[in-house]
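Chemist: Let's see this in three dimensions:
(one chain, ligands or ions: 1)
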Amino acid sequence: MKIAVAKGDGIGPEIMSAVLKIFDANKVPLEYEIVDMGKWVFDKGFSNGMTPEAQQTIERLGVLFKGPMETPKGKGVKSVNVTARKTWNTYANKRVFQTLHGVDTVFSKAGIPIDITVVRENIEDTYGGVEHMLTQDVALSRRFITRPGSLQVIRYAFEMARQKKARRITCSHKANIMKITDGLFLDCFYEVAKEYPDLKADDVIVDDLCMKLVTRPDTFDVVVLTNLQGDIVSDLCAGLVGGLGFAPSANIGDHICIFEAVHGTAPDIAGKNIANPTALLLSGFAMLRHLGLTENAAVIENALLYTLEQGVHTGDFGDKSKPSLNTTEFADAIISNF
Ligand code: NAD
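Modeler: Residues are numbered from 1 along each chain as shown. Here you go, the predicted model:
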């Protein structure tokens, strides 16, 4: 079986090498077609951040395992990540945040387990980038929320919640203020909820959600949100389980799926071989399961969990009084625990 791999920018190549080394050591039956994609491809003049060959390869293979890609702030540069999600209509972004033994947080120390799946709408909202100056001093941005776009991501969230045997599925929104756009999203949520009477469906305003997440995260299970709010709440949830080093994501479309970490290129630590590859590895488990390689996923996941439980860690987490491993050493430690 073949998949496309884009190593990404910044720490991307370092963490991708570590994860593929772990896969190879476990004899994961995958072949990788490395594709040219990222800021460096954009800089070469490809305005969507990928070569035509890369696009064809990804469309032929249907699965992209992707490192983070840089988007410089400011005018004139499109995000390669957003472009990729739109190009292939990967409408749902699934992000799983779970307590990991060995990764200490205020909640793990208090014995409060976390298992939250955020489903973020991935295409619409303000991410269309439709904005302009109305006058020299007034900037205007347009926000698109559509019924078909909302229904498809919400339906995905309900299906996934049913498979997960979720206790609760929550729509989070700001429909009290954005009555038309978030109001439409919320209406769609309760419309779909009628088809799933077995699931407890409710809603919470997004600011209230943030407060409740940092006080009682264990009361949430599956949370579905619009794009921008989902982006922000995801990083908050990453903080609950130990940081961005532990936040995986899957961009789900009908024809193409992209698996990547939630975090970015970490320019402050790039090139030092000290990044934590766990988020990309967790994204890799979701990809292996998507491809039916459940046994490989289980064996490597057990090795990762055992490694973390032993207190083995990279510099971004764990007991600071114990020496940390670099990216390559951390991958080797996981391999030694197969
Ligand atoms: P970031 O996620 O790259 O980094 C935020 C902080 O977390 C930094 O201190 C970084 O060192 C740390 N960090 C992130 N991942 C880590 C890891 N694996 N191990 C250890 N520490 C880690 O966020 P940023 O600095 O705001 O963004 C940098 C670039 O990444 C920007 O160009 C942004 O657009 C891009 N980005 C890309 C994606 C993606 O490709 N999906 C996602 C988010 C941001």
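Chemist: For the closest residue in space to Ile258 that isn't next to it in sequence, what are phi and psi?
Modeler: Nearest residue to Ile258 in three dimensions, chain neighbours excluded: Asn251, at 4.0 Å (Cβ to Cβ, 6 or more residues apart in numbering). Every C-beta, even on glycine, is put in place using the N, C-alpha and C of the backbone. Phi and psi for Asn251, reported as degrees, to the nearest 10, are phi -100, psi 110.
Chemist: Contact partners for the closest residue to the ligand within the chain?
Modeler: Proximity of the chain to the ligand (Cβ to the nearest ligand atom) peaks at Gly264, 2.3 Å away. Contacts for Gly264 (Cβ atoms under 8 Å, 6 or more residues apart in numbering) come out as 10, 68, 70.
Chemist: Now a ChimeraX select for only the buried ones of these.
Modeler: If you want just the buried ones from the contacts of Gly264 in ChimeraX, going by 16 or more other Cβ atoms under 10 Å, the selection is:
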select :10,68,70
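Chemist: low-confidence ranges in the stretch 51-200 of the chain?
Modeler: Across the stretch 51-200 of the chain, residues meeting the criterion (pLDDT under 70) sit at 74-76.
Chemist: What are the boundaries of the helices in it?
Modeler: Under the criterion DSSP state H, counting those that start in this stretch, the stretch 51-200 of the chain carries helices at the ranges 52-61, 80-87, 106-109, 147-164, 181-193.
Chemist: The stretch 201-338 of the chain now?
Modeler: Taking DSSP H, counting those that start in this stretch, the helices of the stretch 201-338 of the chain run over residues 206-215, 227-240, 278-290, 294-309, 327-336.
Chemist: For the closest residue to Lys86 other than its chain neighbours, give me its contacts.
Modeler: Counting by Cβ to Cβ, 6+ apart, Lys86 lies nearest to Ile123, which is 5.8 Å off, once chain neighbours are set aside. Going by Cβ under 8 Å, 6+ apart, Ile123 touches 85-86, 89-91, 149, 227.
Chemist: filter the contacts of Gly264 down to the ones close to the ligand.
Modeler: Under the cut-off given by Cβ under 6 Å from any ligand atom, the ligand has 68, 70 from the contacts of Gly264 close to it.
Chemist: Just the closest of the contacts of Gly264 to Asp24, please.
Modeler: Distance to Asp24 across the contacts of Gly264 (Cβ to Cβ) is lowest for Pro68, with 21.5 Å.
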